[in-house]
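S.K.: here are the coordinates; sequence isn't available:
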């Protein structure tokens, strides 16, 4: 780890330690906490460096000639314009005054590479773009924005602003390499995606209960609201950082992983089933224990912190709008940027609770504490139990027999009944039965049932393109709620299916429910590392693959298929 990464790691560790210490002391100045959180973000920004240097040279003549030099570090490459089947085009956007006109822009011949059936056009080491302009003498100053995607073992998008100074009498001007800017749009998408995670069905029930508990805590004063909301936000933030660290570490070991990877694990799914079932029983009042989201008792602050960690854990099956691009970038970045993107996700998800910690008076907009709180808590038990059913369905889609898990839930129900009667040996028997049930679920997955959809196959995609046939690929997973909604609505719309048939589109479904190296590599080649991802491959590779939005509608599919005219 280099010095910059050590600096960022040290900053985050000191900030987390400072945050927790002041939570324990019930520090009132939560504005300082928020400022320290932003300090971590910008310290991480300062540590970023990318492997491309940009410089330029200009010589006035008739016409004015400007050369833009992009120099890559050893082993890195950028994509040509156009890039081929994958990657992002390197592009120059000129900002010209009225007296200057772009006559031509000449790019060097790229290297052509083929991998996993995909053709890419790249530049390695250096790329010099020659542009010619019609301009008066002396030429006025103008500028340009250069954007690229630099790749080695992973990819880093970047950009740079250059200022072209006018030259006269054939004078040659040069400028030293320019440091590129951060991809701020990626960070913004991560922040917005984290904020929208709060409204996703896998998170909302727990969030609703947390807000209800804050209303209850508000009776103890504004300070209690600040502390508990801040602890909840801290749990979200720290758990996102830990999750990023685990993903980066596993990728360093050569594993191909993505967002929601733990839901590809049968034992983890079983643990979630048991956990959500216990939460549902607690919401219904059958299991009265001082659980993490209650925020009551002497350990209430720690409970709020742990409930923030739990909220992050149960958020991983969901992919909110704006998250697709951000997560794809996070899994391609090297160095410290994955942690920075996950920090933005955490800040977005934690924002409502940070605001409540700063402005606890906002709780006054909600009804006063009363019987309605218990009614709401019991009502929210039903979406939690619906999540249990969904997780069982995910298990069944992986080819796992759910009978042992259902037996385990039956034993848990009996243990809860026995718990209310202080029967310790029955509780012990229930725990043993649950362990046995978890061991029984290790079964081989069965092949998914596909109707008009064929299983994902790279060679068939290449063959169809060579034959002049378009291909539509649905990258999906059983544990992805957005995927299942799109699958049962847009992708089963009779008009959409008729249009697919009319255009002779080959339909493929890449099922990522359980980890699949081929599907993961295909997602990486598209610049994505999560589902849902919807891709339209054009005949004869006349155009790069078209990636459709995560929230898919029939009109979006129709518009994409209309672009096949003339292909």
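M.R.: Looks like it came in fine. Please read all numbers here as calculations on a predicted model, not as lab measurements.
S.K.: neighbours of residue 408, just the number please.
M.R.: By other CB atoms under 10 Å, 24 other residues sit near residue 408. No exception for glycine: its C-beta is placed from N, CA and C like everyone else's.
S.K.: Then residue 95?
M.R.: Residue 95 - counted by other CB under 10 Å - has 13 other residues nearby.
S.K.: ok, now the one 3 residues further on?
M.R.: Neighbour count for residue 98, taken as other CB under 10 Å: 6.
S.K.: ok, and what's touching stretch 142-149?
M.R.: Applying CB atoms under 8 Å, 6 or more residues apart in numbering, the contact partners of stretch 142-149 are 52, 54, 68, 70, 78-79, 87-88, 90-97, 100, 155-164, 527.
S.K.: swap in stretch 483-495?
M.R.: Stretch 483-495 is contacted by residues 474, 476-478, 496, 531-532, 534, 551-554, 556-558 when judged by CB under 8 Å, 6+ apart.
S.K.: again, only this time at 10 Å
M.R.: Contact with stretch 483-495 is made by 201, 319, 390, 393-394, 397, 451-453, 472, 474-478, 480, 496-497, 499-500, 507, 509, 511-513, 531-534, 548-558, as judged by CB atoms under 10 Å, 6 or more residues apart in numbering.
S.K.: that older thread, go through the contacts of stretch 142-149 and flag which are in strands.
M.R.: Residues of the contacts of stretch 142-149 located in strands (DSSP state E): 52, 54, 68, 70, 78-79, 91-95, 155-164.
S.K.: Give me the buried subset of the contacts of stretch 142-149.
M.R.: Buried members of those, counted by 16 or more other CB atoms under 10 Å: 52, 54, 68, 70, 78-79, 87-88, 90, 92, 94, 100, 155-160, 162, 164, 527.
S.K.: quick check: domain ranges of this protein?
M.R.: 3-44+185-402, 52-181, 454-562 (automatic domain parsing).
S.K.: mean pLDDT for those: which is lowest?
M.R.: Note on these: lowest mean pLDDT is at domain 3-44+185-402, with a mean of 69.
S.K.: which phi and psi does the residue found closest to residue 409 once you drop the neighbours it is linked to in the chain have?
M.R.: By the measure of CB to CB, 6 or more residues apart in numbering, the closest residue to residue 409 outside its immediate chain neighbours is residue 277, 5.4 Å from it. The phi and psi torsions at residue 277 (degrees, to the nearest 10) take the values phi -60, psi -40.
S.K.: and residue 277, what is it in contact with?
M.R.: Going by CB under 10 Å, 6+ apart, the list of residues near residue 277 reads 287, 384, 385, 387, 388, 391, 405, 408, 409, 412, 413, 416.
S.K.: what comes up buried for the helix or strand containing the last one?
M.R.: In this case it means residue 416. Following DSSP states H and E, one finds residue 416 within helix 403-419. For helix 403-419, the neighbour count (16+ other CB under 10 Å) marks 404, 405, 408, 409, 411, 412, 414, 415, 416, 418, 419 as buried.
S.K.: Also stretch 141-154?
M.R.: Using 16+ other CB under 10 Å as the test for burial, stretch 141-154 gives 142, 144, 146, 147, 148, 149, 150, 151, 154.
S.K.: What of stretch 391-404?
M.R.: 391, 392, 394, 395, 397, 398, 400, 402, 404.
S.K.: With stretch 55-69 instead?
M.R.: Buried positions in stretch 55-69, judged by neighbour count with 16+ other CB under 10 Å: 55, 56, 57, 58, 60, 63, 64, 65, 66, 68, 69.
S.K.: One more: stretch 500-510?
M.R.: For stretch 500-510, burial by neighbour count (16+ other CB under 10 Å) applies to 500, 503, 505, 506, 507, 508, 509, 510.
S.K.: Closest one of those residues to residue 126?
M.R.: residue 510 (36.6 Å; CB to CB).
S.K.: Tell me the spacing between the residue lying closest to that closest one once chain neighbours are set aside and residue 545.
M.R.: Nearest residue to residue 510, sequence neighbours excluded (CB to CB, 6+ apart): residue 456, at 3.7 Å. To residue 545, residue 456 is 14 Å away according to CB to CB, to the nearest Å.
S.K.: Of the two, which one has the most company?
M.R.: Taking other CB under 10 Å, residue 456 and residue 545 do not tie; residue 456 has more neighbours (20 against 17).
S.K.: What does that one show for phi and psi?
M.R.: For residue 456, the backbone dihedrals (degrees, to the nearest 10) come out as phi -60, psi 130.
S.K.: could you list every residue that touches it?
M.R.: By CB under 10 Å, 6+ apart, the neighbours of residue 456 are 473-476, 508-512, 516, 518-519, 522.
S.K.: how does it look with 7 Å?
M.R.: Shown in contact with residue 456 (CB atoms under 7 Å, 6 or more residues apart in numbering): 473, 508, 509, 510, 519.
S.K.: Surely residue 350 and residue 235 touch.
M.R.: No - contact between residue 350 and residue 235 fails when scored by CB atoms under 7 Å: they sit 8.6 Å apart.
S.K.: Report how many residues lie close to residue 86.
M.R.: Counted with other CB under 10 Å, residue 86 comes out at 22.
S.K.: so after the helix or strand harbouring residue 547, what's the next helix or strand?
M.R.: Assigned by DSSP H and E, residue 547 falls within strand 546-548. Following strand 546-548 in sequence order, the next helix or strand is helix 554-562 (DSSP H and E).
S.K.: Which elements pack onto that next one?
M.R.: In terms of contacts (3 or more CB pairs under 7 Å, 6 or more residues apart in numbering; DSSP states H and E), helix 554-562 is packed against helix 494-502, strand 546-548.
S.K.: I am finished for the moment; much appreciated.
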